[in-house]
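**Student:** structural data only, the sequence is not supplied:
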């Protein structure tokens with residue numbers, strides 16, 4: 001089955017559903033689970049560099065809290081790593097999966113991103129297209145409020 005599962009977390013309800021699915025798969029298969037949160041690098045002009053640094057640090061702190069909550073949610077059920085990186089989530093996730101022999105990437109269908117490319121968020125869509133392994137996109141449950 002799976003040996004290394006990567007779950008992308010952005011703190012959205014969709015990413016928490018993805019975490020639950022990844023935990024179930026990791027527990028069933030005995031796989032190692034890696035939690036990956038990516039602080040996006042927004043595009044700004046030069047006059048906003050100081051503000052960008054403040055916003056990036058704020059987002060990193062938020063994502064660190066998200067990772068801590070996810071580790072607590074996982075308990076001791078699986079072997080668990082957590083990683084916080086800065087960059088474009090779609091690229092960081094694919095590169096991480098490639099460098100670390102990930103068997104499966106698990107993502108929410110639509111997270112906190114600003115763009116939506118149809119039925120999936122742009123990050124999920126790009127990861128599906130470019131990942132070196134299988135990708136499980138966890139969709140919203142019917143009749144469940146969107147985050």
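**Tutor:** Good, I have the coordinates. Given the structure is predicted, the values throughout are model-derived calculations rather than measurements.

**Student:** could you pull out the helices for the protein?
**Tutor:** Along the chain, counting by DSSP state H, helices occupy 13-29, 49-74, 89-99, 122-130.

**Student:** out of the ones you listed, which gets the lowest mean score?
**Tutor:** Across those, helix 49-74 has the smallest mean pLDDT, namely a mean of 83.

**Student:** in terms of secondary structure, what does that one contact?
**Tutor:** In terms of contact count using 3 or more C-beta pairs under 8 Å, 6 or more residues apart in numbering; DSSP states H and E, helix 49-74 is assigned the packing partners strand 4-9, helix 13-29, strand 32-39, strand 80-86. Every C-beta, even on glycine, is put in place using the N, C-alpha and C of the backbone.

**Student:** and the third one, what does it pack against?
**Tutor:** Of the remaining helices and strands, those touching strand 32-39 by 3+ C-beta pairs under 8 Å, 6+ apart are strand 4-9, helix 13-29, helix 49-74, strand 80-86, helix 89-99.

**Student:** could you do the second one as well?
**Tutor:** Helix 13-29 makes packing contacts with strand 4-9, strand 32-39, helix 49-74, strand 104-108, strand 134-138 when contacts are defined by 3+ C-beta pairs under 8 Å, 6+ apart.
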